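Visitor: Turn this into a structure:
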Amino acid sequence: MSFADEILRYPAEQVVEQMDATTTTQVEQALAAERLKAKDLTTLLSPAALPYLEQMAQKAHHITKQRFGNIIQLYTPMYLSNECSNGCKYCGFNANNNIPRTTLSIDEIEQEAQIIHDYGFRAILLLTGEHKKMADNSYLEAAVKRIKPLFSSISIEVYPMDTSGYQQMVAAGVDGLTVYQETYDQKLYKDLHPFGKKSNYNYRLEAPDRAGAAGMRRIGVGALLGLGPFATEAFYTGLHAHYLARHYWRSQVSISFPRICPADGGFAPINPVSDEQLVQMVCAMRLLIPDAGLFISTRESAKLRDSLMPLGITHMSAGSCTAPGGHAHKGENTEQFTIDDDRTPEQISEVIHAKGFEAVWKDWDSAFLNAGSM
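Guide: As a prediction, this is how the structure comes out:
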């Protein structure tokens, strides 16, 4: 069984009907419960829950402080390639877009990584477009091994792999994976991905399962908010994370909340997500999965990111650039999407401290895994 089987138990029409029928009594019962089930998400994400947003936020804050303390982990993305063979209509790297294409050499990757290391980061997220001829498993393995001495944690957000591919990444030194399903609406997914390997909905949907089977330490999921209807996208994101937490308990599950940003190609959100809805989703995810890592990226404004800190966010990106080689050669390549929060890592760290939190640049080391044998 995989999540592709699990999601079939929750038809979208049924999910929406349950949300629309939610009563204030049900919301109050969910907020009073010590542990929630996946079906409770329809309650917390319903319109009836909006008047209780302050109570949800307070409980989310309490749970986060209890489980994570006052720590917020800082990380930054590093793009290795913008080559892509997919036709994703919402992405600046779309194969149909006439943009300069770049794939960094291993030496250029090390140069870029050294700059990021010098900023103070010890956690990094490696990204590529999805073009396996230009950036395949061997390329990624070589990149990870080259920069591993600089970072205690290396995550990837690349094309989906089979189980053996994820095992190869883990052996090379990767400890985290992020895979956005983009949209859980299968019909919409087909329309938005007209060609390329990414057009295979189920293969992407089951990628986190394969990563869990491969022993990936952290598995992150998310929907690109603004594509499908908010209610169902938020519900299926939470359902997916909840499923992974139950089936791959050796891995930490994390959830990201990316909203569509401007990109080359001019794609606009189909179902725009408001700030209020984003807050509701963040709080609901924290209440459902107390131990989940919750990520917010520089897609969002500085003001919104600052206000989300107390509500359950545990990881924030900083100093982001979405172009390959963008740290070493700023402005020379086309970005995947526009960054909103352009504050420096130091400025974001100062804000975190000013709000009573501790900015952490390194939260673990692979040496911990061998501590018991020392």
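
Visitor: I'd say L36 and A30 touch.
Guide: Yes. At 6.4 Å, L36 and A30 qualify as touching, with contact defined as Cβ atoms under 8 Å. (Glycine included, C-beta is placed from N, CA and C.)

Visitor: Give me the more crowded residue out of the two.
Guide: Just comparing L36 and A30: by other Cβ atoms under 10 Å the higher neighbour count belongs to A30, 24 against 19.

Visitor: Go ahead and confirm that one touches D40.
Guide: Yes. Distance between A30 and D40: 4.9 Å, which falls inside the contact criterion (Cβ under 8 Å).

Visitor: now the helices for the stretch 151-300 of the chain?
Guide: Taking DSSP state H, counting those that start in this stretch, the helices of the stretch 151-300 of the chain run over residues 163-172, 186-192, 201-205, 207-214, 230-247, 275-288.

Visitor: Nearest approach to H329 belongs to which of those helices?
Guide: helix 163-172 (26.1 Å; Cβ to Cβ).

Visitor: which residues do L36 and A30 both contact?
Guide: 44, 287 (Cβ atoms under 8 Å, 6 or more residues apart in numbering).

Visitor: In the stretch 151-300 of the chain, where is pLDDT below threshold?
Guide: Across the stretch 151-300 of the chain, the stretches falling below the confidence threshold (pLDDT under 70) are 262-265.

Visitor: can we see that at 80?
Guide: Judged against pLDDT under 80, the low-scoring parts of the stretch 151-300 of the chain cover residues 261-266.

Visitor: still on that earlier bit, rebuild the helices of the stretch 151-300 of the chain as JSON lines, extending it with mean neighbour count and distance to E130.
Guide: Formatted as JSON lines, the entries for these read as follows, by neighbours: other Cβ atoms under 10 Å; distance: least, Cβ to Cβ, whole Å:
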{"stretch": "helix 163-172", "mean neighbour count": "18", "distance to E130": "13"}
{"stretch": "helix 186-192", "mean neighbour count": "15", "distance to E130": "14"}
{"stretch": "helix 201-205", "mean neighbour count": "17", "distance to E130": "10"}
{"stretch": "helix 207-214", "mean neighbour count": "23", "distance to E130": "12"}
{"stretch": "helix 230-247", "mean neighbour count": "23", "distance to E130": "20"}
{"stretch": "helix 275-288", "mean neighbour count": "22", "distance to E130": "26"}
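
Visitor: Can you tell me which of these is nearest to P11?
Guide: Across the helices of the stretch 151-300 of the chain, P11 has its closest neighbour in helix 230-247 (9.7 Å, Cβ to Cβ).

Visitor: Can you give the distance from the closest one to the centre of its chain?
Guide: Here helix 230-247 shows a centroid-to-chain-centroid distance of 13 Å under the convention Cα atoms, centre = their mean, to the nearest Å.
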